[in-house]
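Undergrad: Following is a predicted model, sequence given first.
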Amino acid sequence: MNGKDKTMDSEKRSTILKVSQALFSQFGFIKTTVDEIAKLARIGKGTVYHYFRSKEEVFAEVIKKESDALQEKIHLALEAEHTPQGKLSAFIKIRSRHLKEMTNYYSALTDDYLEHYAFIEEARHKYLDREIQTVKDILAEGMGKGVFEIEDAKLTAQAIVLLLKALEYPWSVEKDKFDIENSSNKFLNILFKGIEKR
């Protein structure tokens with residue numbers, strides 16, 4: 001395959017993913033068909049199957065793309081911070097702000113009707129493990145610098161991530177009732193200061 005063919009292949013694959021992302025966002029994974037993907041991409045249905053074996057494979061690639069985009073935002077935000085407190089704050093705020101924008105990724109992580117798909121289960125485990133590891137690294141840095149007093153960094157990281165997951169619904173679905181910035185600051189205040197009177 002020459003360079004021109006490779007470029008055309010890459011462009012077609014990119015187009016399929018782009019239109020699929022839009023369709024999945026609008027109609028959901030179940031209701032979106034390969035016929036609709038092909039129609040919107042202005043290609044034959046067979047061409048979709050040339051690049052992807054199934055609709056599941058297309059969706060898996062779309063959620064990976066959105067996941068990578070979210071992780072890049074988080075990575076850049078952490079890189080800009082110089083203290084463990086700043087990094088933890090940036091992680092929570094960026095995650096809360098942008099997760100819901102990644103419509104398909106968010107759907108893959110939260111919709112019960114998708115949980116029986118093996119690739120969805122794998123995406124959920126990877127996401128959870130990656131978030132816990134990110135928070136654990138921040139906490140370990142804070143412990144090393146003497147700014148966090150924590151007995152078990154992994155257990156604390158798990159607790160923080162699971163609490164954030166519990167807050168996803170009110171912070172994103174009912175966002176009109178919640179000021180995410182203000183809610184994030186209150187959550188961080190509880191994390192940094194605790195609830196016990198000193």
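TA: That came through fine.
Undergrad: In the protein, which helix is the longest?
TA: helix 3-31 (DSSP state H).
Undergrad: Who are the packing partners of it?
TA: Applying 3 or more Cβ pairs under 8 Å, 6 or more residues apart in numbering; DSSP states H and E, we find helix 3-31 packed against helix 34-41, helix 45-51, helix 55-79, helix 103-110. Heads up, the C-betas are built off the backbone N, CA and C, glycines and all.
Undergrad: angle of the longest one against helix 103-110?
TA: Helix 55-79 and helix 103-110 meet at an angle of 100 degrees, taking axes from the mean of the first three to the mean of the last three Cα atoms, to 10 degrees as the criterion.
Undergrad: winner for burial among the helices and strands packed on helix 3-31?
TA: helix 103-110 (a mean of 21; mean count of other Cβ atoms under 10 Å).
Undergrad: Which helix or strand lies directly C-terminal to that helix?
TA: The C-terminal neighbour of helix 103-110 among helices and strands, as given by DSSP states H and E, is helix 118-144.
Undergrad: Now that next one: buried residues?
TA: 119-120, 123, 127, 131-132, 134-136, 138-143 (16 or more other Cβ atoms under 10 Å).
Undergrad: Mind listing residues that contact the helix or strand following that helix?
TA: Scanning forward in sequence from helix 118-144 by DSSP H and E, the next helix or strand is helix 153-168. For helix 153-168, the surrounding residues in contact (Cβ atoms under 8 Å, 6 or more residues apart in numbering) are 92, 95-96, 99-100, 110, 128, 131-133, 135-136, 139-140, 143, 150, 183, 187, 191.
Undergrad: Could you check the angle the worst-scoring helix or strand of the chain on mean pLDDT makes with helix 118-144?
TA: When the helices and strands of the chain are scored by mean pLDDT, DSSP states H and E, helix 103-110 comes last with a mean of 72. Orientation of helix 103-110 against helix 118-144 (the same axes, to 10 degrees) gives an angle of 90 degrees.
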